[in-house]
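Undergrad: got a predicted structure here, sequence first:
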Amino acid sequence: MFLQRPADGEAARPAAGAGRAPEEHAAADRLGNAGRDTAGRQTQNGTKKTCNRAKKAASSPRVKIDTPRLSGSVSLKGGRIDDLALVQYRETVDPKSPPIILYSPSGTAEPYYAEFGWVAATGVTAKMPDAQTIWQQDGSGSLTPTTPVVLKWDNGEGLTFRRTISVDDHYLFTIKDEVSNVGNAPVTLYPFALISRHGTPQVSGYYILHEGLIGYLDGLQEYAYKKIDEAKTVNFKATNGWLGITDKYWASALLPDTNAQLQARFSSNPTGNVHTYQTDYLLDPVTVAIGGTATANARLFAGAKEAGVVGVFPFAGLGGYNKELGLNHFDLLIDWGWFYFITKPMFLGLDFFYRFFGNFGISILLVTVIVKLLFFPLANKSYASMAKMKSIQPQLQALKERFPDDKVKQQQEMMEIYRKEKINPVAGCLPVVIQIPVFFSLYKVLFVTIEMRHAPFFGWIKDLSAPDPTNLFTLFGLIPFDPTTIPVFGHYLALGIWPIIMGITMWFQMKLNPTPPDPTQQIIFNWMPLIFTFMLAGFPAGLVIYWAWNNLLSVLQQSFIMRRNGVKVELFDNLKATFARKAT
């Protein structure tokens with residue numbers, strides 16, 4: 001198609017089979033040296049000669065980027081935005097740990113950058129700015145939210161290129177490209193923009209999270225790295241679209257004018273053992289008359305996927321970029337999943353209480369109470385049915401004694417008792433079933449939203465989105481050894497305090513219920529708390545806290561309903577009986 005940058009050091013070339021008009025293919029061919037950069041050239045064995053980010057950034061003239069949320073620089077060589085760090089986010093919970101690096105220049109281990117410019121049309125032989133072009137800054141100073149930067153370059157043949165870069169106090173860059181023609185003939189140019197990422201990044205690898213190429217181009221388009229490696233190139237034609245590359249918490253996206261006709265593309269190109277991933281677009285051509293000037297506008301989002309900034313809140317003036325810029329579903333940059341109609345309200349509820357209490361752990365506890373209240377009528381019927389089940393236990397036991405060898409007759413008489421007493425035998429499963437979508441939505445929120453990243457609770461929980469860091473098998477830190485490193489079964493030996501609390505509350509809830517008449521069911525119910533304890537041990541701590549709190553509320557609710565139905569609450573009797581049997 002166009003803007004193909006397989007590796008720095010190679011000329012850009014159009015992708016095959018793009019289905020474009022001949023003159024548009026020719027425009028792509030005119031890219032020439034736009035992708036050249038000998039600093040990142042592949043060696044014969046397919047590896048790159050690289051240097052660290054700071055050293056590479058210092059090796060070329062640059063304009064400093066200085067905002068409350070971003071630091072870095074714009075390279076005057078090539079005019080790229082290729083050096084960007086998110087100063088408000090750190091690699092670990094330690095506030096002194098290094099900031100998150102988003103962009104890195106070509107020639108480093110993981111080049112990642114955005115580029116803008118013009119592509120010459122057929123018949124235009126004038127020199128165009130490329131990756132080797134040295135732009136001149138008009139004036140001096142840094143790029144800040146109040147001071148834009150102006151870059152200029154004269155091709156010596158009558159064309160003068162001028163680029164104005166602005167940035168807001170969040171993560172939005174605005175690029176205005178102008179070209180003035182004082183030559184002796186009109187020129188036709190195509191505006192373009194691209195985001196290029198060299199090398200396949202490490203991803204979380206979870207099915208519920210998309211990481212890779214993304215865009216809204218006549219619908220949401222998501223291509224994981226492996227998927228685009230197989231497809232090589234995917235082309236789109238769209239209006240009011242956006243496209244980019246997303247990580248779990250960070251993203252980089254091109255946001256063209258909403259009325260622009262886009263020739264957009266996702267691509268992957270292997271060179272040696274390295275893949276170059278790219279999202280780019282080409283706009284309709286403009287002709288610059290003699291003495292005239294042409295202008296192209298572009299926007300770049302490069303930063304953290306904060307819900308309020310992206311535009312998850314379509315109310316109270318909190319629409320973010322999605323509403324502010326009139327974008328098309330830019331909130332989907334955050335992967336809310338198929339159950340977004342549950343996940344987004346869950347996040348909004350958590351965020352609402354966080355604004356009052358300043359702690360997402362407290363928000364989880366309060367939202368759990370609200371969910372219990374919303375489902376109270378359904379749970380009330382379920383627990384009432386379970387209370388009746390408790391009351392008919394003597395009758396069921398009598399059936400076993402009356403028909404000890406006739407299972408069919410036992411079942412028939414049992415169903416007759418259920419019918420007579422108006423009991424639904426599966427009603428006891430409803431409290432667990434109805435919380436599954438809530439559990440999943442909370443898991444999704446904890447997993448994908450940056451607001452939950454490094455969000456502390458109390459005590460030893462410094463990050464609700466990470467597992468409980470304590471471990472029973474190290475006696476909670478007394479033994480200086482990590483049992484999870486043991487081969488084969490080591491990952492089962494991560495059992496923190498909160499998972500244990502969750503398991504105990506689940507065991508209490510099971511003991512509150514009547515003992516199932518079927519021996520197999522009895523075994524399942526007896527072992528279920530222990531199984532869930534180990535299953536959830538590696539889940540985010542916030543999710544385990546939710547489950548433990550929900551279990552406790554369920555025990556209180558069920559006890560109240562059982563008393564109201566005249567059924568004795570035998571929780572402590574059942575617990576005593578369990579330990580008595582073990583003692584015997």
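TA: Great, that's in hand. Numbers count the residues shown, from 1 in each chain.

Undergrad: if I look at Asp66, how far off is Leu102?
TA: Going from Asp66 to Leu102 by CB to CB, to the nearest Å gives 15 Å. C-betas here are computed from N, CA, C, even on glycine.

Undergrad: higher neighbour count, the two?
TA: Higher neighbour count among Asp66 and Leu102: Leu102, with 22 against 17, using other CB atoms under 10 Å.

Undergrad: mind listing what the more buried one touches?
TA: Contact analysis of Leu102 by CB atoms under 8 Å, 6 or more residues apart in numbering lists 84-86, 112, 250, 252, 302-303.

Undergrad: got the contact list for the spatially most central residue of the chain?
TA: Central residue of the chain (CA atoms, centre = their mean): Lys248, 3.6 Å from the mean position. The neighbours of Lys248, taking CB under 8 Å, 6+ apart as the test, are 203-204, 209, 211, 448.

Undergrad: again, only using 10 Å
TA: By CB atoms under 10 Å, 6 or more residues apart in numbering, the contact set of Lys248 is 203-204, 206, 209-211, 305, 335, 447-450, 453.

Undergrad: and it, helix, strand or coil?
TA: Of the three states, Lys248 takes coil under DSSP: H, G, I helix; E, B strand; the rest coil.

Undergrad: can you give me the helices for the stretch 451-584 of the chain?
TA: 497-512, 519-536, 541-564, 571-583 (DSSP state H, counting those that start in this stretch).

Undergrad: so where's the stretch 51-200 of the chain uncertain?
TA: 51 (pLDDT under 70).

Undergrad: can you give me the helices in it?
TA: 53-58.

Undergrad: check the residue nearest to the centre of the chain and give its pLDDT.
TA: pLDDT, Lys248: 92.

Undergrad: now Lys237
TA: For Lys237, pLDDT reads 93.

Undergrad: count of neighbours near it?
TA: Neighbour count of Lys237, defined by other CB under 10 Å: 13.

Undergrad: Arg90: which of the helices of the stretch 451-584 of the chain is closest?
TA: With CB to CB as the measure, helix 541-564 is the member of those nearest Arg90 (18.7 Å).

Undergrad: so that closest one versus helix 497-512, what angle?
TA: For helix 541-564 against helix 497-512, the angle by axes from the mean of the first three to the mean of the last three CA atoms, to 10 degrees is 20 degrees.

Undergrad: now helix 541-564: buried residues?
TA: Neighbour-count burial for helix 541-564 flags 541-555, 557-559, 561-562 (criterion: 16 or more other CB atoms under 10 Å).

Undergrad: same question, stretch 236-252
TA: Quick answer for stretch 236-252 (16+ other CB under 10 Å): 236, 238, 240-252.

Undergrad: Val367: which of those residues is nearest?
TA: Of all the buried residues of stretch 236-252, Tyr249 has the smallest distance to Val367: 21.8 Å, by CB to CB.

Undergrad: how close does the closest one sit to Gly303?
TA: Look at Tyr249 and Gly303: by CB to CB, they are 10 Å apart.

Undergrad: do Leu512 as well
TA: For Leu512, the distance to Gly303 equals 49 Å [CB to CB].

Undergrad: same thing with Asp168?
TA: Asp168 sits 10 Å away from Gly303, going by CB to CB.

Undergrad: what do those two both touch?
TA: Shared contacts of Asp168 and Gly303 (CB under 10 Å, 6+ apart): 67, 69-70, 309.

Undergrad: rewinding a little: could you dump the helices of the stretch 451-584 of the chain into a markdown table with distance to Phe173 and mean pLDDT added?
TA: Below are the helices of the stretch 451-584 of the chain laid out as a markdown table (distance: least, CB to CB, whole Å; pLDDT from 0 to 100):
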| stretch | distance to Phe173 | mean pLDDT |
| --- | --- | --- |
| helix 497-512 | 42 | 87 |
| helix 519-536 | 42 | 79 |
| helix 541-564 | 33 | 85 |
| helix 571-583 | 60 | 59 |
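
Undergrad: looking at those, spot the one closest to Gln410.
TA: That would be, of the helices of the stretch 451-584 of the chain and by CB to CB, helix 519-536, which comes in at 13.0 Å.

Undergrad: tell me what that closest one is packed against?
TA: Under the contact criterion of 3 or more CB pairs under 10 Å, 6 or more residues apart in numbering; DSSP states H and E, helix 519-536 touches helix 497-512, helix 541-564.

Undergrad: how about the ones you listed in CSV, adding distance to Thr520?
TA: Formatted as CSV, the helices and strands packed on helix 519-536 follow (distance: least, CB to CB, whole Å):
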stretch, distance to Thr520
helix 497-512, 15
helix 541-564, 23
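
Undergrad: so for Pro529, which of those helices sits nearest?
TA: The closest of the helices and strands packed on helix 519-536 to Pro529 is helix 497-512. By CB to CB, the value is 4.0 Å.

Undergrad: which parts of the closest one are buried?
TA: 497-503, 505-512.

Undergrad: out of those, who's nearest Ser363?
TA: Closest to Ser363, out of all of the buried residues of helix 497-512 and judged by CB to CB, is Trp498, at 16.4 Å.

Undergrad: for Trp549, see how far away the closest one is.
TA: To Trp549, Trp498 is 10 Å away according to CB to CB.

Undergrad: for Asp94, same thing?
TA: 28 Å.

Undergrad: measure Lys388 to Thr246 for me?
TA: Separation of Lys388 from Thr246 (CB to CB): 51 Å.

Undergrad: for Val488, same thing?
TA: For Val488, the distance to Thr246 - CB to CB - is 35 Å.

Undergrad: Trp498 too?
TA: Relative to Thr246, and taking CB to CB, Trp498 is found at 30 Å.

Undergrad: pLDDT below threshold where in the stretch 201-350 of the chain?
TA: For the stretch 201-350 of the chain (pLDDT under 70), the answer is 313-319.

Undergrad: at 50 instead, please
TA: In the predicted model of the stretch 201-350 of the chain, residues 316 satisfy pLDDT under 50.

Undergrad: outline the domain layout of the protein.
TA: Listed by automatic domain parsing, the domain ranges of the chain are 22-304, 340-583.

Undergrad: with distance to Phe330 added, can I get those domains in JSON lines?
TA: Formatted as JSON lines, the domains of the chain follow (distance: least, CB to CB, whole Å):
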{"stretch": "domain 22-304", "distance to Phe330": "6"}
{"stretch": "domain 340-583", "distance to Phe330": "14"}
